[in-house]
Each structure stands twice: as C-alpha cells, then as structure tokens.
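*Asks:* any chance you can model this:
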Amino acid sequence: MTVFREIKAQVLASLGAMTAAGTLPEGLSFDAVTVEPPRDPAHGDLATNAAMVLARPAGKKPRDIAAALAEDLASAPGIRMASVAGPGFLNLRLDPAIWQGVALQVLGAGAGYGRGVPGQGRVNVEYVSANPTGPLHVGHTRGAVFGDALASLLDFAGFDVTREYYINDGGGQVDVLARSVFYRYLEAHGQAVTLPEGTYPGDYLIPVGAALKAKVGDAYIGQDESVWLEDVRSFATDAMMALIRADLAALGVTMDVFFSEKSLYGTGRIEASLTDLGNKGLIYRGTLEPPKGKLPEDWEPREQTLFRSTEHGDDIDRPVKKSDGTWTYFAPDIAYHFDKVSRGYDRLIDVFGADHGGYVKRMKAAVSALSAGQVPLDIKLTQLVKLYKDGAPFKMSKRAGTFVTLRDVLDQVGPDVTRFVMLTRKNDAPLDFDFDKATVLSLSYPVSFAQSALACLAAVLAMPPGFAGDTALAAADVGLLDHAAELELLRKLAEWPRLVAAAADAHEPHRIAFYLYDLASLFHGYQHLGKMDPGMRFLTDGQPDLTAARLALIRAVQLVIRAGLGILGVTPRDEM
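*Replies:* As a prediction, this is how the structure comes out:
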C-alpha cells in the first residue's frame, strides 16, 4: 500500500469512527474525500479536504468537522500532527518512519514499483496515421512520440493497450503519389521530365522510381495511365509505408496494427457502419443550412445523406454521402471506428495534429452513436513544433522538398533527446525545439539532467562496498535517513505510483517527464551535499549501516528514474 492510500485509509477510518460516535450523520458518502500533498510544503506532508466536502451534507461547519477529525487522527499510527487550517482544511505531519519505509517499498517492488494492477481495460491508441505519400515530418514526430509514450504509460498503469496506425491509402492523394513515382520511373529510364504542379517533388521518390524500373523494366513506358495507375499506386504505397515503418523504428516506435483505409472500400464495411447508424434512426436525407463564414469542403447546397451527429454532442449534422453518391471523407472514418468498437475495446484514443481540431466533435459523436455511449473516445491534439538552430528557424529538408523530416531531427540529436524534448510540454501547447540546447550535454536540459542522474547513481552503486543487491539493501536501517534532503527524496518517491495513475487517467505522459526532472533535481541536490559535507557522502567511512541506508535510497531513485524513462521510451544510460 502506498503512503497516500495508507493515510487516506486512516482518514476514512476516523470518519467512520466519527459516524459511529454520532459526530457525523449516517449515510454520508466519502467518495469526494482526498488526501494529497498541500500546495505549500510548509503546511504539512499531506492535507485532506474531508471537512470541506462533508460540511454541507452533514449540516455542520467545516472547522468543527476538521477539529473533530484532527483529534481522532492524533492517535493514528504514522500521523505525528493534525492541524486545522483556513476554512476547514486539515494538514497532516507524518512520522518520518512513514517516508523512510518508502525506500523499502521501492526495493521490494523493484522495476514494478508504481505499476498498476493488470486488468484495467482494453485501450486502442491510434497515432501518427500519416498519409503514405512521403517521409514523416516533424509534426508527425511529435504525434508519434506522444502517442507511443501514452500507450506505454497506459500499459504501465495496468491497461491492455493496442498501438495502431491508420494508413490513409483510400483517397486521391495516393493517386497523386502514383503519378509522382511514375515520373521518377521515367527519369530512371533516362528521360528528362518536369514534375507537374501538384505532384510530390521530394527526392525521396527517386529511389522508388528506380525500384519500380527494376521490377517492371520498360513495361509502362508509353502506356496510358489506366494501364499502370493501380499497380504503381500499390507499389508506391508499399514503398512509402516501408519508409515510414523504418522512420518509426528509428524513433523507437513499433505498431501492433496497421489498418488500411483502402480495405473499407468495396467490401461493404462502410455500408455496414452506416446501416448500424440507420437502425438507430441517425441517418437521413436532408439539406444542410450553409454555415456562417468559410464553407467546409463537405457542404453542398443540395440534398445529401446525413448523420444526425447533433444527437451525440456535435454542433451540426454531418454528410456521409454526397449528392452524386460518392462517400465523404467522414464516411470511411466512421467505418474505421465502427471496426474499432466491434473489436471490443473499453476506450479509444486518437492522436491528431492540431489541424484536425474540427474533426473532434464529429468523431466523438460517431463513436458515441456506434457504441451506444459505452465506449469513450478521447482525441488528443498535438500542436506545432518550431525548430531552431544557430538562433534561427531550422531550414527545410532538401530530401523532402517542403518540410523537415523525422530523419532530419534524429540525425541532429538522436531518438532519446527527440523523445524527451517532445514530452517536455503538454501535447496541446506549441513546442520550440532548439537543436543547440539539445545537442550540448547540459544539466539545464531535461534529458541530460535525468540521464546524468542515472549515470551518477550507477557509478555510486558500482563503488565498493557498492550495490550488494536489492535483497541485501532491503535489510538496511532506513530509519537512519533522517536528513531533510533524504526525506524530501523519499516523499518524491512516494508520489510515483500516484503520479502514474493520475497521468494515465488524464492521458498526459508529459507529467512523467516533469516528475523525472524534479526527482533528478532532488538527487543532484542531495549529491551536492556530499561535496560540501563529508558526513553527507553516500559512502561514509566507519558507518556501514548509514552507507547501506543511503545506498538503499539511491537504488530506489535509480529504479524509479529507469521506470520513468522506460515509459517515455528514452534509453536509460549508466554512462554519459
């Protein structure tokens, strides 16, 4: 049991005793009672809102409840002091032994400290899902890192997670890709060509054109588009997806499922999803009012087949089939999510770029309708990344033609720095990525800070008498860890399980990066004390018991930092 759960159990037990004694009325719900660190550590180790949330239903003043609760908790094990503050908050000071025991909890659980109990539910996390028309760019990189870290966080928290990539290979952009590759195919045959406007100009298609030549020879030379378009389309899509898979692998991202949009067409799957909505009375023929301002692409001033998405929280109903009988862009997306719902997931998460913000309400409405409100969909938007080098915006990639690629970023700083930096801001906040800061080993940069802490920890544990194994350290007298810096580190370690659960619940993996930075900061401060005061060194001459206790503490710090970096997908380094 974690410290927070242990103390909350004490608070709930005291509230139960107060109810039994008649101090509180019967039938009160304690669900809203929390126990958490106060904003100002000077106020105490923990604080509870019990009196504030129970005052109204109990018909009592908050301070009266808080005073009675404080009196009952004063004799509770592990609580040194309980004091009423403000209108009725209750601040708690804990016995240092409570915090000192955290080191042994971490050692006992090892790499599993803070890991959630399995069986929390099945979750599908869809991310990246870039058009297969070129290499991944820096915007995709942020979505890939965020989605992958979120999936790892949910896995650590006890969920059964599927990582999924939706291949957008069903639209006209793949025909444009095929034509672009065909021009590179002609180039490979020695023909001088000028790429028409609207095709993809990047050099990355040159080897694809050469590969097509190696496969079919001159079979498509002089042939009409109707002869080669479908074959080249398939060939080019496969080549681009191979490139994308390689880019993702270089970033440390591996998908469980690649789902093809093309597989939805001509198979009845789109029709099946709309039939499901139709059976629920949510599909009808109608004409939408022209929206105010700029007209969206899917609006037509004539009768269309519409999805009654307003019944599930959308602003307006949405077209699913145009007046000419062709599908809108929204129709296959409905079918794709119908497939996800049919696979039995308990919740769905989609990671979109910020330019897809207009899709959020309609997709939520679709999933709500398809699942009868039983499967929640959370859509996380990733904002733009601005790249800087030498004090100026980073130049575009010649290879890509129009954007900075994922490979450009990895070539500059590598996957570890890329991943950590992408997670130092919340996903929906703009991010400035400075290559100069990222490539210089500096404790002012988060990934260097966390990894340098690990390197220091490994170095200490490798020194004699050094790391004797977790079993041996678990017998250490942790009651000797009574310095303020040691207790502060222990309090931070105690937060880890709670932090993991909260970050997973909020779908915010950046909280892990922030926590690791704070934990590493506390460790570096603790380490610095030994340089100033020989009595604060990790290995203390003539005091084997104190040395063992401090080694137990730093081993616990090492385990948590390694676990956190594992969630973020950053390689833990024992040397810098």
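
*Asks:* quick one: the strands in the stretch 301-450 of the chain, in order.
*Replies:* Shown for the stretch 301-450 of the chain, the strands assigned by DSSP state E, counting those that start in this stretch span residues 304-307, 318-321, 347-353, 377-382, 385-389, 392-393, 431-434.

*Asks:* so how far is the second one from its chain's centroid?
*Replies:* On the basis of C-alpha atoms, centre = their mean, to the nearest Å, strand 318-321 is displaced by 32 Å from the centre of the chain it belongs to.

*Asks:* render the CA-only coordinates of it in CSV, please.
*Replies:* Extracted C-alpha coordinates of strand 318-321, given in CSV (Å, rounded to 0.1, in the frame of the first residue of the first chain):
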residue,chain,number,x,y,z
ARG,A,318,-22.6,15.8,-40.9
PRO,A,319,-22.8,14.5,-44.5
VAL,A,320,-21.7,10.9,-45.1
LYS,A,321,-22.6,10.6,-48.8
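
*Asks:* just list what it packs against, helices and strands only.
*Replies:* Applying 3 or more C-beta pairs under 8 Å, 6 or more residues apart in numbering; DSSP states H and E, we find strand 318-321 packed against strand 304-307, helix 330-342. Every C-beta, even on glycine, is put in place using the N, C-alpha and C of the backbone.

*Asks:* try it again with 10 Å
*Replies:* helix 269-279, strand 283-286, strand 304-307, helix 330-342, helix 360-370 (3 or more C-beta pairs under 10 Å, 6 or more residues apart in numbering; DSSP states H and E).

*Asks:* any buried residues in the longest one, and which?
*Replies:* Of all the residues in helix 330-342, those buried under the rule 16 or more other C-beta atoms under 10 Å are 330-341.

*Asks:* so how far is it off the chain centroid?
*Replies:* 23 Å.

*Asks:* next, the angle from it to strand 377-382.
*Replies:* 120 degrees (axes from the mean of the first three to the mean of the last three C-alpha atoms, to 10 degrees).

*Asks:* for helix 330-342, what is the average pLDDT?
*Replies:* Mean pLDDT, helix 330-342: 98.

*Asks:* can you check stretch 192-208 too?
*Replies:* 92.

*Asks:* give me the below-cutoff pLDDT ranges for the stretch 101-250 of the chain.
*Replies:* For the stretch 101-250 of the chain, no stretch has pLDDT under 70.

*Asks:* how about CSV for the strands of the stretch 301-450 of the chain, with mean pLDDT added?
*Replies:* Below are the strands of the stretch 301-450 of the chain laid out as CSV (pLDDT from 0 to 100):
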stretch, mean pLDDT
strand 304-307, 95
strand 318-321, 95
strand 347-353, 97
strand 377-382, 98
strand 385-389, 87
strand 392-393, 86
strand 431-434, 88
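
*Asks:* which of the ones you listed sits closest to Gly112?
*Replies:* Comparing the strands of the stretch 301-450 of the chain against Gly112 with C-beta to C-beta, the closest turns out to be strand 347-353 (23.6 Å).

*Asks:* give the pairing partners of that closest one; include direction for each.
*Replies:* strand 122-126 (parallel), strand 377-382 (parallel) (DSSP bridges).

*Asks:* let me have those strands in TSV, extended by mean neighbour count and distance to Ala438.
*Replies:* Output for the strands paired with strand 347-353, formatted as TSV (neighbours: other C-beta atoms under 10 Å; distance: least, C-beta to C-beta, whole Å):
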stretch	mean neighbour count	distance to Ala438
strand 122-126	23	26
strand 377-382	20	19
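
*Asks:* and those: which comes nearest Ala13?
*Replies:* Using C-beta to C-beta, the nearest of the strands paired with strand 347-353 to Ala13 is strand 122-126, at 34.0 Å.

*Asks:* JSON lines for the strands of the stretch 301-450 of the chain, including distance to Arg179?
*Replies:* JSON lines is the format used below for the strands of the stretch 301-450 of the chain (distance: least, C-beta to C-beta, whole Å):
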{"stretch": "strand 304-307", "distance to Arg179": "30"}
{"stretch": "strand 318-321", "distance to Arg179": "27"}
{"stretch": "strand 347-353", "distance to Arg179": "25"}
{"stretch": "strand 377-382", "distance to Arg179": "30"}
{"stretch": "strand 385-389", "distance to Arg179": "30"}
{"stretch": "strand 392-393", "distance to Arg179": "32"}
{"stretch": "strand 431-434", "distance to Arg179": "34"}
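
*Asks:* how's the chain carved up into domains?
*Replies:* Taking automatic domain parsing as the reference, the chain has its domains at 3-94, 446-568.

*Asks:* closest to Leu69 out of the buried residues of helix 330-342?
*Replies:* Closest to Leu69, out of all of those and judged by C-beta to C-beta, is Val341, at 45.7 Å.

*Asks:* pretty sure that closest one contacts Pro376?
*Replies:* No - with contact defined as C-beta atoms under 10 Å, Val341 does not reach Pro376; the gap is 11.1 Å.

*Asks:* ok so, going back, distance to Ser234 for the buried residues of helix 330-342 - can I get that in a markdown table?
*Replies:* Listed next are those as a markdown table, based on distance: C-beta to C-beta, whole Å:
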| residue | distance to Ser234 |
| --- | --- |
| Phe330 | 25 |
| Ala331 | 22 |
| Pro332 | 18 |
| Asp333 | 22 |
| Ile334 | 25 |
| Ala335 | 21 |
| Tyr336 | 20 |
| His337 | 25 |
| Phe338 | 25 |
| Asp339 | 22 |
| Lys340 | 25 |
| Val341 | 29 |
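
*Asks:* which SSE is Ala242 in?
*Replies:* Using DSSP states H and E, Ala242 maps to helix 225-250.

*Asks:* quick check, central residue of the protein?
*Replies:* Nearest to the mean C-alpha position of the chain, by C-alpha atoms, centre = their mean, lies Leu150 at 2.5 Å.

*Asks:* and it, that one's in a strand?
*Replies:* No - counting by DSSP: H, G, I helix; E, B strand; the rest coil, Leu150 falls outside a strand, being helix.

*Asks:* neighbours around the spatially closest residue to it that is not a sequence neighbour, how many?
*Replies:* Nearest non-adjacent residue to Leu150, counting by C-beta to C-beta, 6 or more residues apart in numbering: Pro509, 5.0 Å away. For Pro509, the neighbour count with other C-beta atoms under 10 Å is 27.

*Asks:* before we move on, back to that, wouldn't the residue nearest to the centre of the chain be in contact with Asp350 here?
*Replies:* No - look at Leu150 against Asp350 with C-beta under 10 Å: they stay out of range, at 11.0 Å.
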